[in-house]
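> What follows is a predicted protein model with its sequence.
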Amino acid sequence: MKKTPLINNFACFSAMFLWAIGFPAAEVLLETWGALSLVFYRFLITVILLIPLWVYLEGLNVFLKAPIKKGLRIGFLGWGLGAILLLIGQKLSDPVTPTICAALMPIFGMIIEVIFDNRKLKLNLIIGISFAIVGGFLATGVNLLEGDFNLGTVICLISVSLFAWCTRASTKELKNISYIGQTSLTMFGGMLAALVFLCFSSLFDLGETRTGSFDSYNIFLLFIFIFVSQTVSQTIWIWGAGRLGVLLASFHSNAVPFYVMIILLILFGNEWSWYQASGAFIVGIGVVIAQTNKWSYFIIKKIEK
């Protein structure tokens, strides 16, 4: 990990909090929008905003010399296919199952770093991962027994593993370009994947392709869902994950359900959940333990006594 752990962790926290803001907006938008069309437009507008900004900040030559094909491939398989599979998995199971599967992202982050980066699993890291997973389950606020564990569960797990892989691939395989370049190219790849599924669904009349209204209220919600919760959030996420690594960054994703609860509490007066709050607190402890080698030394000394 690079030398500014506080800033790096704050970046990942900020990215996840901004991402969480999009969930209440999506809940309202999906009343009139099809899921596939909403995902496509989310990627499309993000690309329309980021690529011109990237070219403006770094020049056309930088864009033309970038590994465009590699970036599109990573985004297509990771962000695009991952997002679509999560929707399919939820359709084949229930709303609870994707939440439970998402809490396992630190496991996938660990597997990916062990395989691709030869990550050594020290005691403090194992303890931190355990805290993050337990806290992540609690932060969802759901009963694990409520999940419908079937083919949908498998598809959701594949989706979460693709998100973890894409985070690592974006920051490692595209490391020669800036973080805004990494985000732009992979979002473009995600848009292509969403377009393929949208066209396929439209062709065979599979649903989820309707376009909602564009009145002032929906435009505001789209601004939150697209610009705040994806364009800004994703750029910060790639920046933070590039410094922390996918494993440590993935810890922060487990507190997202708690952030959603906070947002619903502020905006709509929903009830406070100490159950979810305790989960987020445990995730936070996991973040600290995983990044502090002194914890393992302290625990070993206690065991020896």
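Perfect, I can see it now.

> Next one: Y259 from L6, what distance?
19 Å (C-beta to C-beta, to the nearest Å). Placement of C-beta: from N, CA and C, glycine included.

> Show me which of these two is the more surrounded one.
Comparing Y259 with L6 by other C-beta atoms under 10 Å, the one with more neighbours is Y259, at 21 against 7.

> residue ranges of the helices in the stretch 151-300 of the chain, please?
Listed in chain order, the helices of the stretch 151-300 of the chain (DSSP state H, counting those that start in this stretch) span 151-172, 179-203, 216-222, 233-244, 246-253, 256-268, 274-290, 293-304.

> mind checking which of those is nearest W79?
Closest of the helices of the stretch 151-300 of the chain to W79 is helix 179-203, at 3.5 Å (criterion: C-beta to C-beta).

> got the angle between that closest one and helix 151-172?
Counting by axes from the mean of the first three to the mean of the last three C-alpha atoms, to 10 degrees, helix 179-203 lies at 150 degrees to helix 151-172.

> Return the list of helices and strands in contact with helix 179-203.
helix 35-58, helix 68-75, helix 81-92, helix 151-172, helix 233-244 (3 or more C-beta pairs under 8 Å, 6 or more residues apart in numbering; DSSP states H and E).

> Show me how far the last one is from its chain's centre.
For helix 233-244, the distance between its averaged C-alpha position and the chain's averaged C-alpha position is 10 Å (C-alpha atoms, centre = their mean, to the nearest Å).

> quick one on the thing from earlier: using JSON lines, lay out the helices and strands packed on helix 179-203 together with mean pLDDT.
Compiled in JSON lines, the helices and strands packed on helix 179-203 are given as follows (pLDDT from 0 to 100):
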{"stretch": "helix 35-58", "mean pLDDT": "95"}
{"stretch": "helix 68-75", "mean pLDDT": "96"}
{"stretch": "helix 81-92", "mean pLDDT": "85"}
{"stretch": "helix 151-172", "mean pLDDT": "91"}
{"stretch": "helix 233-244", "mean pLDDT": "94"}
